[in-house]
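> for reference, the sequence and a predicted model appear below.
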Amino acid sequence: MFRVILIVLLVTFSTAINGKFVPTHSAVLDEDNYYLYWLYTKETITFEVQAKTTGYVGFGISPNGGMANSDIVIGWVKDGQKYFKDRFATGKSTPVVDTSQDWTLVTASDNGTWTSLRFTRKLKTCDTKQDIDITESTARVIWSYHTADPASETGTLPQHTKRGTKSLQLLSYGAGLLKTPTIPDDAIYFDILQPNVSVPSDDTTYYCAGFKIPEYSQKHHVIKMEPVIQKGHETLVHHILVYACYKPVNDSYHGFHGVCRTKNMPPEFRCFSTMFAWAIGGGAFYFPEHTGYPLGTEVSPKFLIIETHFDNPQKRNDYVDASGLRLTLTTKLRRYDTGILQNGHIVNDGEIIPPGVANFKTVGICPSQCTSQAMASQPQGVKVFAALLHSHLLGRKIHVRHIRNGTELPIISFDNEYDFNYQEGRILEKEVTVLPGDEIRTECVTDSTSRTSLTLGGESTNEEMCLSYLMFYPAINLTDCSSSAIPQWVADIAGPNMNISKEPSLKLDVLHVLGPAQFAGQSLYQLFNSSVNWKDDVTVRRFETLLATRPRYASCHMAGRIGYSVHGLFVPSIIVEPLPMENKDLCTGTTPQPSGVSSLMAQSIAYVFMAVFLMLFR
């Protein structure tokens with residue numbers, strides 16, 4: 001309560017300086033000491049920082065959370081005089097004054113306890129050497145303050161008393177809003193929590209628990225989802241998925257828990273229809289006012305599985321966790337029922353990332369055949385209104401691309417500055433209509449320069465994922481539309497005439513090379529890891545292309561993983577580069593053209609159903 005009152009008092013203090021500034025977003029950068037408020041338009045952004053100091057205050061945008069190469073402003077008030085400069089940090093030293101002063105001070109004040117600076121700049125300044133563009137991607141905000149004013153504006157500044165960094169969505173239509181949607185008076189909530197589980201001392205654990213949904217006599221809409229993270233476990237709980245069970249599950253399994261996908265888990269727990277998703281760094285998610293997730297109907301799920309990814313790199317054995325999600329419901333129904341679609345690369349060994357490569361692209365595709373069948377009863381399509389983008393430690397960029405009839409449409413969602421420790425859901429500025437026959441592809445750019453061996457797709461934090469979760473309305477019976485590269489079909493990166501064993505598996509340590517003779521007996525993992533020159537960029541780019549364009553496996557299924565709409569092989573379409581994020585380059589004045597899509601092979605063989613592959617992904 002004190003924090004809420006303090007924020008209100010600080011906003012009142014700031015708006016009293018200039019009544020025209022009414023911030024829409026806020027963030028606490030240092031509890032009780034440093035607060036950030038901001039407001040943006042299509043071209044500019046205005047910040048106000050308030051720090052509990054009478055010395056200088058620093059604020060900036062960093063490429064990685066560090067000081068080097070950061071776009072910084074530093075200001076203070078001394079003897080009634082206001083000091084403020086746009087600066088650029090070359091390292092851990094006093095930031096130099098920027099040759100182009102693109103940040104403009106609006107006002108500054110010092111009331112004897114707090115120093116307040118309000119300043120503005122263009123989102124894109126065209127100063128490519130000393131400024132950082134502010135986009136919809138994640139921004140690494142850095143902050144600092146000192147207890148005393150500098151002796152002069154031109155000399156060396158005293159080293160900060162305190163500094164820090166925080167990842168934020170600065171251009172967000174949901175995260176960080178000061179004014180949150182009103183919750184109806186009749187709203188109720190229930191928690192889906194892990195039942196005080198003893199977290200295993202493994203570095204990565206996926207832990208599942210069953211949860212019986214309360215019985216409701218009438219239809220409700222879920223209108224808010226928020227994390228309930230046990231204090232001190234903020235870094236332990238990496239992400240949470242809630243799966244809906246559409247087949248009968250005995251009530252006795254309520255509270256049953258254990259490590260996911262192990263032999264002791266009951267068969268009834270094989271529920272794979274994603275209902276809600278949350279990841280580290282995310283806050284409360286409010287459904288747009290015309291949407292809600294339906295519960296309490298005849299076709300609504302009656303039982304849920306909560307799956308928590310515990311990230312425990314120290315392998316501690318003393319964690320007992322009761323974290324989870326809280327759902328807020330109302331009987332004041334919204335206009336549309338919502339659904340959620342998982343898209344991307346199936347989590348398996350088909351996601352292969354070579355070592356030592358600064359930018360390598362992984363592709364997961366929802367093919368047009370899937371959306372055609374899934375939306376057969378919804379010819380006007382669905383509208384995507386939010387996205388959660390998910391990768392692991394190597395992820396640097398994520399794009400969710402949209403193709404229709406051979407032409408790429410504007411991108412659905414993207415993050416060119418992905419932060420593994422900040423995965424906030426994104427409300428889209430404009431809802432995106434996806435029609436039957438459209439293709440959706442999630443692409444992740446990774447940086448494996450820290451690795452000396454292959455990185456494969458998997459559940460561990462040190463393995464990789466490339467996924468997006470798209471929220472849409474009206475609800476249709478589609479929960480997952482993903483695909484996987486097939487390792488056997490890209491083995492020729494090591495040389496021609498590769499003959500690979502026929503085991504019914506996609507695991508690289510199970511598949512073996514039968515010939516040529518110099519490779520015979522090696523596992524496919526050994527072949528890729530030691531018999532390919534990953535230092536050769538031509539080889540790397542060829543492999544990247546093979547993974548993206550060779551026929552791949554599709555998994556497209558409905559609620560409860562029953563009634564598969566598409567399950568087999570398809571030939572991906574080829575897209576050279578993503579559609580640019582902006583309609584016009586403000587610095588050059590040029591307008592980018594949409595990319596065309598060409599087919600690698602005739603569309604008539606786009607799907608070759610193979611029953612043997614069905615067993616590989618179950």
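Cool, the structure landed. Quick caveat, the model's predicted, so the values are computed rather than measured.

> gap between the two ends of stretch 495-506?
The first and last residues of stretch 495-506 sit 20 Å apart, counting by C-alpha to C-alpha, to the nearest Å.

> so what touches it?
Outside of stretch 495-506, the residues within contact range by C-beta atoms under 8 Å, 6 or more residues apart in numbering are 348-350, 484, 486-488, 491-492, 510-516, 519, 524, 531, 612, 615-616. The C-beta positions use only the backbone N, C-alpha and C, and glycine is treated the same way.

> check which residues of that stretch are buried.
Of the residues in stretch 495-506, those with enough neighbours to count as buried (16 or more other C-beta atoms under 10 Å) are 498, 500, 505-506.

> average pLDDT across that stretch?
Taken as a whole, stretch 495-506 carries a mean pLDDT of 92.

> any idea how far stretch 309-317 is from the middle of the chain?
Its chain's C-alpha centre and that of stretch 309-317 lie 21 Å apart, by C-alpha atoms, centre = their mean, to the nearest Å.

> show me where the stretch 451-600 of the chain has its strands.
For the stretch 451-600 of the chain, strands defined by DSSP state E, counting those that start in this stretch occupy the ranges 455-456, 466-473, 480-484, 499-500, 513-515, 552-557, 566-570, 573-574, 598-599.

> quick one: average pLDDT of the last one?
The one in question is strand 598-599. Taken as a whole, strand 598-599 has an average pLDDT of 42.

> also the first one?
When pLDDT is averaged along strand 455-456, the result is 98.

> off-centre distance for it?
Taking the mean of its C-alpha atoms, strand 455-456 sits 19 Å from the chain's own mean (C-alpha atoms, centre = their mean).

> so V432 is in which element?
Using DSSP states H and E, V432 sits within strand 426-434.

> hang on, the earlier thing: tell me the one of the buried residues of stretch 495-506 nearest E234?
Looking at the buried residues of stretch 495-506 and their distance to E234, the nearest is L506, at 35.1 Å (C-beta to C-beta).

> so the closest one versus I188, what's the distance?
When distance is defined by C-beta to C-beta, to the nearest Å, L506 is 45 Å away from I188.

> ok, V77 next?
Distance of V77 to I188, computed by C-beta to C-beta: 49 Å.

> returning to that earlier point: now do the buried residues in the strand holding V432.
426-428, 431-432, 434.

> who's the residue nearest the centre of the chain bridged to?
Closest residue to the average C-alpha location of the chain: L389 at 2.5 Å, with C-alpha atoms, centre = their mean. Assessed by DSSP bridges, L389 has beta-bridge partners S468.

> kindly report the same for V513.
Counting by DSSP bridges, V513 is bridged to I500.

> equivalent analysis for Y293, please.
Per DSSP bridges, residues listed as beta-bridge partners of Y293: V222.

> can you pull the contacts of it?
Residues counted as contacts of Y293 (C-beta under 8 Å, 6+ apart) are 221-222, 275-276, 287, 337-338.

> I'd like those laid out as JSON lines, including distance to S460 and secondary structure.
Formatted as JSON lines, the entries for these read as follows, by distance: C-beta to C-beta, whole Å; DSSP: H, G, I helix; E, B strand; the rest coil:
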{"residue": "H221", "distance to S460": "36", "secondary structure": "strand"}
{"residue": "V222", "distance to S460": "31", "secondary structure": "strand"}
{"residue": "M275", "distance to S460": "24", "secondary structure": "strand"}
{"residue": "F276", "distance to S460": "23", "secondary structure": "strand"}
{"residue": "F287", "distance to S460": "32", "secondary structure": "coil"}
{"residue": "D337", "distance to S460": "35", "secondary structure": "strand"}
{"residue": "T338", "distance to S460": "31", "secondary structure": "coil"}
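
> that concludes my questions; thank you for your assistance.
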